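> heads up, no residue letters with this:
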Ligand SMILES: C[S@@+](CC[C@H](N)C(=O)[O-])C[C@H]1O[C@@H](n2cnc3c(N)ncnc32)[C@H](O)[C@@H]1O
């Protein structure tokens, strides 16, 4: 299949990122920590749906899992609770790493899960994993295809690859693309996201897409968290920037994103042959 299903292997696009409407003055990781304070998992999927998917993974006790951009560690905690997995979580945010360590300590003390505070792109594996994941952070590997390739390389033959990736519900407005500094080709359709996996030699096992409830919860919990933070920390000089960013995100979501931008978890299996 042609290599151009989704033409997103472009450094510049990924460096711009979603919040390019204003230059960062505050610590970006502090911002995400504040706006995601009330999120368990930092993606537009309900925890109930996540559990349904986790049930399908059917991992053996002691399975090794890798979570690149593990956020607040909800996926790792649930996997350890259900399957007693061991493994590695990687995240660049010191706030989220601290949250993950605390969560694992509280919910699965003694679990053999190492949490690394670093850029996922720099992570070098010393082992192969039964399940390798990167949920909602494909910019780490410059897009969906790069993410699937990187995870596949770190997965045992017959193991599982799980990614969370946006997709277009419909052709995006030019104004939306401009507002978000996106190009059409930065993301694919839902169908294209599956095809890219097949093109990389992976077997599609399952997909789970976010619905409107999932999206509204994910987006509007950020408004809630920001307003609460502003009320509780009136003297924090970062408050105006926090509220401006959240307001910009709210406009973009309500005006375009809610009808245009989808998101799904994609579960693939790596073939049992060694390549
Ligand atoms: C949308 S959140 C998803 C978090 C988690 N996977 C989840 O689904 O709850 C994106 C995550 O990527 C992390 N992140 C961003 N850039 C990263 C990088 N270069 N390397 C590792 N983590 C990164 C952020 O700190 C954040 O935790």
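Done, it's in. Everything numeric here is computed off the predicted structure, so don't read it as measured data.
> Stretch 147-154: which residues count as buried?
Of all the residues in stretch 147-154, those buried under the rule 16 or more other CB atoms under 10 Å are 147, 148, 149, 150, 151, 152, 154. (Glycine included, C-beta is placed from N, CA and C.)
> Nearest spatial neighbour of the closest residue to the ligand within the stretch 51-200 of the chain, chain-adjacent residues omitted?
Of all residues in the stretch 51-200 of the chain, residue 71 sits closest to the ligand, at 2.6 Å by CB to the nearest ligand atom. Distance criterion CB to CB, 6 or more residues apart in numbering; nearest residue to residue 71, sequence neighbours excluded, is residue 42 at 4.1 Å.
> repeat for residue 112
residue 86 is the one closest to residue 112 (CB to CB, 6+ apart), at 3.9 Å.
> dump the residue contacts of the one you found.
By CB atoms under 8 Å, 6 or more residues apart in numbering, the contact list for residue 86 reads 62, 63, 64, 65, 111, 112, 113.
> Pipe those residues into a markdown table and attach secondary structure and neighbour count per row.
Formatted as a markdown table, these follow (DSSP: H, G, I helix; E, B strand; the rest coil; neighbours: other CB atoms under 10 Å):
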| residue | secondary structure | neighbour count |
| --- | --- | --- |
| 62 | coil | 12 |
| 63 | coil | 20 |
| 64 | strand | 22 |
| 65 | strand | 26 |
| 111 | coil | 17 |
| 112 | coil | 13 |
| 113 | strand | 23 |
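> if we can go back for a sec, list just the nearest of the buried residues of stretch 147-154 to residue 268.
Using CB to CB, residue 148 comes nearest to residue 268 of the buried residues of stretch 147-154, at 7.1 Å.
> confidence score at the closest one?
Looking at residue 148, its pLDDT is 98.
> Could you pull up the contacting residues of it?
Contacts of residue 148 (CB under 8 Å, 6+ apart): 161, 163, 196, 197, 200, 202, 268.
> what's the distance between it and residue 272?
Per CB to CB, to the nearest Å, residue 148 is found 18 Å from residue 272.
> ok so, going back, most neighbours of all the contacts of residue 148, which one?
Top of these by neighbour number is residue 161, holding 28 neighbours under the definition other CB atoms under 10 Å.
> ranges for the helices of the stretch 1-150 of the chain?
Using DSSP state H, counting those that start in this stretch, the helices of the stretch 1-150 of the chain run over 11-16, 28-35, 47-57, 74-83, 94-107, 144-153.
> Just put those helices in TSV and tack on distance to the ligand.
Formatted as TSV, those follow (distance: least, CB to the nearest ligand atom, whole Å):
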stretch	distance to the ligand
helix 11-16	10
helix 28-35	6
helix 47-57	9
helix 74-83	6
helix 94-107	5
helix 144-153	11
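> With respect to residue 122, which of these lies nearest?
helix 144-153 (11.7 Å).
> The ligand contacts on the chain?
41-43, 69-71, 74, 90-93, 96, 119-121, 135-137, 140, 164 (CB under 6 Å from any ligand atom).
> Check those residues for burial and list the buried ones.
Going by neighbour count (16+ other CB under 10 Å), the residues of the chain next to the ligand have 41-43, 69-71, 74, 90-93, 96, 120, 135-137, 140, 164 buried.
> can I assume residue 272 sits in a helix?
No: under DSSP: H, G, I helix; E, B strand; the rest coil, residue 272 falls outside any helix and is assigned coil.
> Begin at 844, not 1, for the rest of this chat.
Got it, the first residue is 844 from now on, which makes the last one we talked about residue 1115.
> Pull the number of nearby residues for it.
9.
> mind checking how far it is from the ligand?
27 Å (CB to the nearest ligand atom, to the nearest Å).
> distance between the longest strand along the chain and the chain's centre?
Longest strand in the chain by number of residues, with DSSP state E as the criterion: strand 998-1011. In terms of CA atoms, centre = their mean, to the nearest Å, the centre of strand 998-1011 is found 11 Å from the chain centre.
> what does stretch 911-918 give?
Distance, centroid of stretch 911-918 to centroid of chain: 8 Å (CA atoms, centre = their mean).
> Then stretch 887-906?
For stretch 887-906, the distance to the chain centre is 15 Å (CA atoms, centre = their mean).
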